[in-house]
Structure formats: C-alpha cells, structure tokens
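Participant: return a 3D structure for these sequence lines:
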Amino acid sequence: MSQQIKTPQQQQLSIKIKSLKLKRINELNNNLKQELSRERITASNACLTIINYTQTVKDYALPEIWGYPQPNSNHFRTNLNRSIQRSGTYTADSAGCCAIM
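Facilitator: Residues are numbered from 1 along each chain as shown. This is a model prediction of the structure:
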C-alpha cells in the first residue's frame with residue numbers, strides 16, 4: 001500500500017475532520033456519563049410510588065372512591081357560583097371562563 005503525498009490543504013482538512021470527530025465522540029461520552037449518573041429506581045419501586053400516590057391524593061373525578069368535594073372547595077366552580085349569585089339563574093352565558101367557537 002503506497003501512501004499518497006498530501007497537500008497542505010488536504011492535511012488541514014484531515015486535521016479538521018479528525019478534530020470534529022473527536023469533539024463529537026467527547027460529546028457522546030459526556031452524554032453517556034450524564035445518563036449513567038442519573039438516579040435510577042427499580043420498576044417495583046416505581047409501581048409502589050404510583051400506588052402510594054393514587055391512594056393518598058384525592059381525585060374527585062372518582063366520587064365512588066373519594067366522595068364529593070366539600071362545598072366551595074372546588075376552585076373551578078368559583079366563577080360559576082359568582083355568576084349564579086349575581087344573576088339569580090344559571091345560564092350558559094353566565095357559566096364561566098371559556099367560549100367554544
């Protein structure tokens with residue numbers, strides 16, 4: 001195998017390519033180090049955390065389990081309550097914050 005004689009421009013280009021490859025490898029290596037240092041938990045611990053969360057945080061969208069919220073504790077209905085008190089009746093126009101177009 002014979003070696004070709006490279007011009008100075010080819011040598012500079014070769015050095016630039018090699019430096020870019022090295023930079024990319026270093027970036028990938030740093031990304032892998034960051035991923036390795038990230039906290040890991042086992043799947044069973046993750047499942048236990050989810051179960052604990054669902055058993056302790058009340059979700060009033062499931063009234064069969066958690067019951068209904070106390071009066072005036074639903075911050076989504078505060079604007080609705082004010083509208084009803086002002087007008088005395090509930091209408092679609094007094095319902096609230098959003099309009100669907």
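
Participant: what's the pLDDT at P63?
Facilitator: At P63, the pLDDT value in this model is 82.

Participant: so what's it up against?
Facilitator: Listed by CB atoms under 8 Å, 6 or more residues apart in numbering, P63 has no contact partners. Placement of C-beta: from N, CA and C, glycine included.

Participant: could you measure it against P69, distance?
Facilitator: Per CB to CB, to the nearest Å, P63 is found 9 Å from P69.

Participant: now do Q4
Facilitator: Counting by CB to CB, the gap between Q4 and P69 amounts to 80 Å.

Participant: the more surrounded of the two?
Facilitator: P69 (14 against 6; other CB atoms under 10 Å).

Participant: so what are the domain limits for this structure?
Facilitator: According to the TED database, the chain is divided into the following domains: 11-40, 44-82.

Participant: least reliable of those domains going by mean pLDDT?
Facilitator: For these, where the average pLDDT is lowest is domain 44-82, sitting at a mean of 80.

Participant: number of residues surrounding N45?
Facilitator: Applying other CB under 10 Å, we find 10 residues neighbouring N45.

Participant: ok, then the element right after the strand or helix carrying it?
Facilitator: Per DSSP states H and E: N45 is located in helix 43-56. Scanning forward in sequence from helix 43-56 by DSSP H and E, the next helix or strand is helix 63-66.

Participant: and N29, helix, strand or coil?
Facilitator: helix (DSSP: H, G, I helix; E, B strand; the rest coil).

Participant: and the gap between it and E35?
Facilitator: Here the criterion is CB to CB. By it, N29 lies 11 Å from E35.

Participant: Q4 too?
Facilitator: Counting by CB to CB - Q4 and E35 are separated by 41 Å.

Participant: what do you get for L22?
Facilitator: 20 Å.

Participant: for L36, grab phi and psi.
Facilitator: Phi and psi for L36, reported as degrees, to the nearest 10, are phi -70, psi -30.
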